[in-house]
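Undergrad: just need the structure, nothing else, for what follows:
(3 chains)
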Amino acid sequence: MTWEIDFWLMIILIMFAVLALEVKDLLAAVGILTGYSFLMALLFAELGAPDVALTEAALGAAITGIFLLVTLRFVSRREDPEEEEDA
Amino acid sequence: MTSRYDSLFLDVVSRAIVPLIQIFALYVVTHGHYDPGGGFQGGVMLAASTILLRISQGDESYERFSASAGLYLAGFGALAFALLGFMSMAFGGNFLEYGYAVPGMDGVVLRYWGIFFAEVFIGFLVWGSLVAIYDGLTTGGVDE
Amino acid sequence: MRLMGALLILVVGGFMLWGTGDLTDRGDPQSPAATHVSVYYIENALTDSKTPNMVTAVLADYRGFDTFGEAVVVVAAALSCLLILLRRRREEGLPEPVRTVAAGMGPEAGLEPDGSRTPPARDTLGGDA
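TA: Numbering: from 1, shown residues only, chains lettered A, B, ... in the order given. As a prediction, this is how the structure comes out:
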């Protein structure tokens, strides 16, 4: 198909991945990972794999986000506990 | 009774959207022969609908789908899938070779229905497993 | 340390990019993956099992054993999750279980300076809070 969509989707995916690593608020990181999964599903669908796209959209964008949110309830919300006092 | 968060919108929207998700999930599970989809995808959608009820309705959702039911559902799915595999072994086929599952029937039709039931059992299994993981995370795995 | 990491990423990524040059093109009919069993699947999936969607036929029929293994892995993951969480609760005496996620997700959730987390409040439905 058109390579431009693949190209820009991959660029945005890399940006999302780096952003999810760099952001300090873990709740924001979970949201960014969910968006990453959604874009990944778009990429899979565009590459002609609708089965994988459906799995990624349902599992990556919905269930994984929920599980990460539940886990976040048990841990500190920020990545670095020392910076939290300054904030 | 309103929802757990005293929000009418959350209550109404979640109650309205869950049946739609479940119908689409059943369509995805049972229509795997013709469309993209199948047991895994549909099971994940069913689990998502159940978890949405868990989040929005709180304790009320445990009355119909108790905290230990997920594991039973997952075990039932795995056991039924394994039995489906062993059925064909009883009549001379290999493990999961659906064409031999029932003697005297057309092999092609048997394979069609074998795929169908395999998808349905996988759907049960994934649904139960994901809900069980969610319940384990939120309640610590304890069924009160 | 950051520099070392970046260097490592560059080296490993460079090797991987170099390696992709030997991969076949997408959809190449002469590639090894498209010349062995997949030809049989593509030609016979419809007549063997009356299933138009070839992906489903391969996943559930021809490669049913793989799918069975995947399914068992999912069940094993759920079981081990429950076992680990159950043990942790018994050993540490964690607070009262809460049934909804968002109960502990307010803006102040888990933000104590000493690193301890707040046991999320059980409100509105429990009654006795």
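Undergrad: how about the strands in chain C?
TA: Read by DSSP state E, chain C holds no strands at all.
Undergrad: what does the domain assignment say about it?
TA: As recorded under automatic domain parsing, the domains making up chain C are C:31-62, C:65-94.
Undergrad: now do the helices in the chain.
TA: If you meant another chain, say so; for now it's chain A. Ranges of helices within chain A are A:3-22, A:26-46, A:50-55, A:64-72, A:83-86, based on DSSP state H.
Undergrad: the chain in question should be chain C.
TA: Going by DSSP H, chain C shows helices at C:2-20, C:37-49, C:54-57, C:64-92.
Undergrad: ranking the domains of chain C by mean pLDDT, which is last?
TA: Here the lowest mean pLDDT among those goes to domain C:65-94, at a mean of 82.
Undergrad: could you see whether chain B lies near that one?
TA: Yes. Judged by CB under 8 Å from any CB of the partner chain, domain C:65-94 comes into contact with chain B at C:65, C:67-68, C:70-72, C:74-75, C:77-79, C:81-83, C:85-86, C:88-89, C:94. All C-beta spots, glycine's among them, are computed from the backbone N, C-alpha and C.
Undergrad: just the buried ones from those residues?
TA: Neighbour-count burial within these applies to C:67, C:68, C:71, C:74, C:75, C:78, C:79, C:81, C:82, C:85, C:89; the criterion is 16 or more other CB atoms under 10 Å in any protein chain shown.
Undergrad: confirm that residue B:94 sits in a strand.
TA: No. Residue B:94: not assigned to a strand; according to DSSP: H, G, I helix; E, B strand; the rest coil it is coil.
Undergrad: so who does the closest residue to it other than its chain neighbours touch?
TA: Spatial nearest neighbour of residue B:94, chain neighbours left out: residue B:88 (7.0 Å); criterion: CB to CB, 6 or more residues apart in numbering or on different chains. Each residue near residue B:88 by CB atoms under 8 Å, 6 or more residues apart in numbering or on different chains is listed here: B:94, B:95, B:96, B:97, B:98, B:99, B:100, B:101, B:114.
Undergrad: for residue B:86, same thing?
TA: Contacts of residue B:86 (CB under 8 Å, 6+ apart): residue B:95.
Undergrad: give me that answer again for 6 Å
TA: For residue B:86, the contact set (CB atoms under 6 Å, 6 or more residues apart in numbering or on different chains) is empty.
Undergrad: pull out the buried positions in the longest helix seen in chain B.
TA: In chain B, taking DSSP H as the definition, the longest helix is helix B:107-139. The neighbour-count check on helix B:107-139 (16+ other CB under 10 Å) flags B:107, B:110-112, B:114-139 as buried.
Undergrad: thought residue C:59 was touching residue C:67?
TA: Yes. Counting by CB atoms under 6 Å, residue C:59 touches residue C:67, with 5.5 Å between them.
Undergrad: give me the buried entries from the contacts of residue B:88.
TA: Buried, going by 16+ other CB under 10 Å: B:96, B:97, B:98, B:99, B:100, B:101, B:114, out of the contacts of residue B:88.
Undergrad: look up how far residue C:40 lies from the residue nearest the centre of chain A.
TA: Closest to where the C-alpha atoms of chain A average out (CA atoms, centre = their mean) is residue A:33, at 1.5 Å. Going from residue A:33 to residue C:40 by CB to CB, to the nearest Å gives 39 Å.
Undergrad: dump the helices of chain A to a markdown table, plus distance to residue C:54 and mean pLDDT.
TA: Formatted as a markdown table, the helices of chain A follow (distance: least, CB to CB, whole Å; pLDDT from 0 to 100):
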| stretch | distance to residue C:54 | mean pLDDT |
| --- | --- | --- |
| helix A:3-22 | 23 | 92 |
| helix A:26-46 | 17 | 92 |
| helix A:50-55 | 10 | 90 |
| helix A:64-72 | 28 | 88 |
| helix A:83-86 | 53 | 48 |
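Undergrad: now those helices in a markdown table, with distance to chain C?
TA: Output for these, formatted as a markdown table (distance: least, CB to the nearest CB, whole Å):
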| stretch | distance to chain C |
| --- | --- |
| helix A:3-22 | 11 |
| helix A:26-46 | 8 |
| helix A:50-55 | 5 |
| helix A:64-72 | 5 |
| helix A:83-86 | 6 |
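Undergrad: these: which one's closest to residue B:31?
TA: helix A:50-55 (11.7 Å; CB to CB).
Undergrad: show residues contacting that closest one.
TA: A:41, A:44, A:45, B:36, B:37, B:40, B:41, C:55.
Undergrad: tell me the contacts of the residue most central in space within chain B?
TA: Taking CA atoms, centre = their mean, the centroid of chain B lies closest to residue B:124, which sits 2.7 Å from it. When the contact criterion is CB under 6 Å, 6+ apart, the partners of residue B:124 are B:73, B:77.
Undergrad: tell me the secondary structure for the residue of chain B positioned farthest from its centre?
TA: Residue distances from the centre of chain B (CA atoms, centre = their mean) peak at residue B:104, which lies 30.8 Å from the mean C-alpha position. At residue B:104 the chain is in coil, as set by three-state DSSP.
Undergrad: now the phi/psi pair for it, please.
TA: phi 100, psi -10 (degrees, to the nearest 10).
Undergrad: which secondary structure elements does the one helix or strand residue B:27 maps to contact?
TA: Residue B:27 is located in helix B:8-30, with elements delineated by DSSP states H and E. Where contact means 3 or more CB pairs under 6 Å, 6 or more residues apart in numbering or on different chains; DSSP states H and E, helix B:8-30 is packed against helix B:39-57.
Undergrad: right, and residue B:103 touches residue B:93 too?
TA: No. Residue B:103 lies out of contact with residue B:93 (CB under 6 Å); the separation is 10.1 Å.
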